[in-house]
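[1] sequence and predicted model, in that order:
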Amino acid sequence: MALVWFVLVFAILALAVKGRRALADARASVEESKLNLAYYAVDAGVLVPAMAALAAAIAVAVTESGLALVRPGAWDGTPVWLVLPACVAVSDFVGYWRHRAMHLAPLWPVHAIHHSDRAMTWLALARFHPLNRMITTVVSALSLAALGFPPWAVAANGLIRNWYGYYLHADLPWTYGPVVGRIFVSPVLHRWHHTRDRALSGRNFATVFAFYDLLFGSWACPAKDVGPLGIDEPGFPADWLGQTVWPFRVWLGLDTAGRAA
């Protein structure tokens, strides 16, 4: 059901913004979208339940072991309007550094899967290797549990970042302008992260707050037209099974590609 709503919302957005060109762009993205739907099916049927269980287990383990830096219940009594933005801000800060780490040589073969979409529609958010999903879940769950954020805030943060992630990957020509575009991540800013140009694909790591990239010297938005997307790894597989196996082939030396972005 969620997929149906996403299809409707982004189809309406595309038609409103691009008009008749939206139909041509949709036809051009059919093959990439088919592969993304395979990832989406695996996510919905296997990974989402598994990662939710993993995150819950981590939260319990951190709390019961006394490893939390902030005691459980410390946020009780704090207004919702303060707790939720704080949770999202912390999550995005941690996610920024986790994302930068994914672009380093040891982890790039896993993260390259996400960058392989050459059409990049909103559905590109589904294209993540299971190991990438697991790393994201572990890092996020550990950090938020350590800071004692209540379960409702953690759940809401997950929804916000997930929904905003779908929106960021949509082919929308919005930059938010010179001021707001340096506070929040726009679709064009994130599209530069997916450019085939290696010098620029290693930029713009934040999901929500662009000022993290400004603060740590990784913000880049030179124009609205991003150019070719995807990666240029020779012999990179074009199917779900091949892409799932590919990082292991790189690590075992069976594939000489897999350079860091």
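    Now that the structure is in, tell me what you want to look at.

[2] if you count neighbours, what's buried in the longest helix seen in the chain?
    Counting residues, the longest helix found in the chain (DSSP state H) is helix 80-102. When burial is assessed from 16 or more other CB atoms under 10 Å, helix 80-102 yields the following buried residues: 83-84, 86-88, 90-96, 98-100, 102. Every C-beta, even on glycine, is put in place using the N, C-alpha and C of the backbone.

[3] and for stretch 123-139?
    123-137, 139.

[4] before we move on, what about stretch 209-218?
    Here stretch 209-218 shows 209, 210, 212, 213, 218 as buried, counting by 16+ other CB under 10 Å.

[5] contacts for it, please.
    Applying CB atoms under 8 Å, 6 or more residues apart in numbering, the external contacts of stretch 209-218 come out as 89, 92-93, 96, 100, 181-186, 189, 202-206, 219-220.

[6] generate a PyMOL selection restricted to the buried entries among these.
    Buried subset of the contacts of stretch 209-218, written as a PyMOL selection, criterion 16+ other CB under 10 Å:
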select buried, resi 92+93+96+100+181+182+185+186+189+202+203+204+205+206+219+220
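
[7] the contacts of stretch 209-218 in helices, which ones?
    89, 92, 93, 96, 100, 189.

[8] go through these and name the one nearest residue 62.
    residue 93 (18.1 Å; CB to CB).

[9] and the nearest residue to the closest one once chain neighbours are set aside, what's its pLDDT?
    Nearest residue to residue 93, sequence neighbours excluded (CB to CB, 6 or more residues apart in numbering): residue 212, at 6.2 Å. You'll see residue 212 listed with a pLDDT of 98.

[10] what is the subsequent helix or strand relative to the strand or helix carrying residue 212?
    Here residue 212 sits within helix 211-215, counting by DSSP states H and E. Where DSSP H and E defines the elements, the next helix or strand beyond helix 211-215 is helix 240-251.

[11] can I get the CA coordinates of that following helix in CSV?
    Output in CSV follows, covering the C-alpha atoms of helix 240-251 (Å, rounded to 0.1, in the frame of the first residue of the first chain):
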residue,chain,number,x,y,z
TRP,A,240,19.8,-8.0,-8.3
LEU,A,241,21.7,-11.3,-7.6
GLY,A,242,24.8,-10.1,-9.4
GLN,A,243,24.9,-6.8,-7.5
THR,A,244,24.3,-8.6,-4.2
VAL,A,245,27.2,-10.9,-4.8
TRP,A,246,29.5,-8.2,-6.3
PRO,A,247,31.0,-6.8,-3.1
PHE,A,248,32.1,-10.2,-2.0
ARG,A,249,33.7,-10.8,-5.4
VAL,A,250,35.6,-7.5,-4.9
TRP,A,251,36.8,-8.4,-1.4
